[in-house]
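Asker: no FASTA, just this:
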């Protein structure tokens, strides 16, 4: 029978946290806008992008 090698744990806990946090930010920044843009319509998107930088 063949022996299996185990992979060593190399990710530190704060690295895992950073990956998870970055994924959440990426989801909110790049995936979710498609939903609200569809609901707001073109004028709502223009208004939102016009007001957003000042908040």
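Answerer: That came through fine. Because the structure is a prediction, the values reported are computed rather than measured.
Asker: so which strand or helix has the residue most central in space within the chain?
Answerer: Centroid check for the chain by CA atoms, centre = their mean gives residue 26 as the closest residue, at 2.1 Å. Assigned by DSSP states H and E, residue 26 belongs to helix 13-26.
Asker: over to residue 5?
Answerer: Using DSSP H and E, no helix or strand contains residue 5.
Asker: let me know the pLDDT of the residue nearest to the centre of the chain.
Answerer: With respect to pLDDT, residue 26 scores 83.
Asker: how about the one 10 residues further on?
Answerer: Among the per-residue scores, residue 36 holds a pLDDT of 84.
Asker: how many neighbours does it have?
Answerer: 11 (other CB atoms under 10 Å). For glycine as for every other residue, the C-beta is placed from the backbone atoms N, C-alpha and C.
Asker: could you do residue 48 as well?
Answerer: When counting by other CB under 10 Å, one arrives at 13 neighbours for residue 48.
Asker: isn't it right next to residue 41, touching?
Answerer: No - if you go by CB atoms under 8 Å, residue 48 and residue 41 don't touch, sitting 10.5 Å apart.
Asker: what's the worst-scoring helix or strand of the chain on mean pLDDT packed up against?
Answerer: In the chain, the helix or strand scored least confidently by mean pLDDT, DSSP states H and E is helix 32-51, which has a mean of 88. Applying 3 or more CB pairs under 8 Å, 6 or more residues apart in numbering; DSSP states H and E, we find helix 32-51 packed against no helix or strand.
Asker: ok, now how distant is residue 17 from residue 37?
Answerer: Between residue 17 and residue 37 the distance, using CB to CB, to the nearest Å, works out to 30 Å.
Asker: same check on residue 47?
Answerer: Going from residue 47 to residue 37 by CB to CB gives 12 Å.
Asker: how many residues are close by residue 38?
Answerer: 10.
Asker: so who does it touch?
Answerer: Contacts for residue 38 (CB atoms under 8 Å, 6 or more residues apart in numbering) come out as none.
Asker: hang on, the earlier thing: can you give me the offset of the helix holding residue 26 from its chain's centre?
Answerer: Helix 13-26 has its average C-alpha position 9 Å from the chain's average C-alpha position, going by CA atoms, centre = their mean, to the nearest Å.
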